[in-house]
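K.L.:
Structure here, sequence nowhere to be found:
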Ligand SMILES: CCCCCCCCCC(=O)SCCNC(=O)CCNC(=O)[C@H](O)C(C)(C)COP(=O)(O)OP(=O)(O)OC[C@H]1O[C@@H](n2cnc3c(N)ncnc32)[C@H](O)[C@@H]1OP(=O)(O)O
């Protein structure tokens with residue numbers, strides 16, 4: 001499995017249901033650069049169904065959510081010139097999440113979730129997201145992610 005920004009979060013940030021590397025019940029998303037874009041992949045199971053043959057929208061929103069915060073963390077690391085090692089990644093939470101379902105998302109294929117960094121301003125990052133199944137954009141979204149301090153949630 002490819003390494004993602006989430007592998008550089010310390011343990012107490014590793015329990016997120018969407019992307020925590022230590023949450024055995026979660027999706028364990030991995031967000032990494034793919035050129036100028038960010039990329040996460042997720043393979044849905046039959047039980048993730050909404051309407052027959054397509055993926056449940058709430059799940060799709062959560063994929064966009066966690067890929068957005070991971071993308072924002074990557075963008076902040078790049079902006080600040082942080083070489084990722086150990087558990088030194090910047091961490092972000094979701095300030096806002098906007099999702100638009102363009103067409104039903106086929107369930108029998110690995111999904112690609114792609115991010116484009118639109119803005120980095122202080123601790124705020126705006127990420128535009130496309131979610132594709134079988135090469136077609138099915139869902140679009142925008143995440144405004146905010147960097148939090150190391151002791152956030154402790
Ligand atoms: C910790 C990460 C490790 C792994 C987890 C990954 C995350 C997974 C995704 C999630 O599910 S996170 C859970 C859902 N999110 C939350 O529970 C967050 C709850 N909200 C907060 O804790 C605070 O409101 C927040 C940290 C988001 C912002 O508080 P701040 O006091 O740091 O914000 P501040 O007022 O200083 O504003 C900074 C900038 O962010 C903007 N901003 C703040 N809150 C916003 C918001 N809610 N929506 C949009 N923009 C927001 C604000 O307008 C401003 O922009 P400008 O600089 O352009 O003026």
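P.N.:
Structure received. Computed from a predicted structure; not experimentally measured.
K.L.:
So which residues of the protein form helices?
P.N.:
Remark: helices assigned in the chain by DSSP state H are 57-80.
K.L.:
near the ligand, which residues of it show up?
P.N.:
9, 13, 16, 18-19, 65-66, 69, 91, 93-96, 121-124, 144, 146, 148, 152 (Cβ under 6 Å from any ligand atom). All C-beta atoms are positioned from the backbone trio N, CA, C, and that covers glycine.
K.L.:
ok, now with 8 Å
P.N.:
6, 9, 13-14, 16-20, 62, 65-66, 68-70, 73, 91-96, 121-124, 144-148, 152-153 (Cβ under 8 Å from any ligand atom).
K.L.:
Restricted to strands, list the residues you listed.
P.N.:
Using DSSP state E, the subset of these located in strands is 92-96, 121, 124, 144-147.
K.L.:
Kindly give a single ChimeraX line that selects the buried subset of those.
P.N.:
Here is the ChimeraX selection string for the buried members of these, based on 16 or more other Cβ atoms under 10 Å:
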select :92,94,144,145,147
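K.L.:
Which single residue of the chain ends up nearest the ligand?
P.N.:
Nearest to the ligand in the chain, going by Cβ to the nearest ligand atom, is residue 95, at a distance of 2.9 Å.
K.L.:
distance of that residue from residue 63?
P.N.:
According to Cβ to Cβ, to the nearest Å, residue 95 and residue 63 sit 18 Å apart.
K.L.:
low-confidence ranges in the chain?
P.N.:
By pLDDT under 70, the low-scoring segments of the chain are 1.
K.L.:
Would you point out which residue is most central in it?
P.N.:
residue 67 (0.8 Å; Cα atoms, centre = their mean).
K.L.:
surely it meets residue 115?
P.N.:
Yes: Residue 67 is within contact range of residue 115, at 5.9 Å (criterion: Cβ atoms under 8 Å).
K.L.:
thought residue 64 was touching residue 138?
P.N.:
No: using Cβ under 8 Å, residue 64 and residue 138 do not qualify as a contacting pair, with a distance of 11.2 Å.
K.L.:
shared neighbours of these two, which are they?
P.N.:
Common contact partners of residue 64 and residue 138 (Cβ atoms under 8 Å, 6 or more residues apart in numbering): residue 131.
K.L.:
Settle it for me: which of the two has more neighbours?
P.N.:
It is residue 64, of residue 64 and residue 138, that has more neighbours when counted by other Cβ atoms under 10 Å, with 28 against 19.
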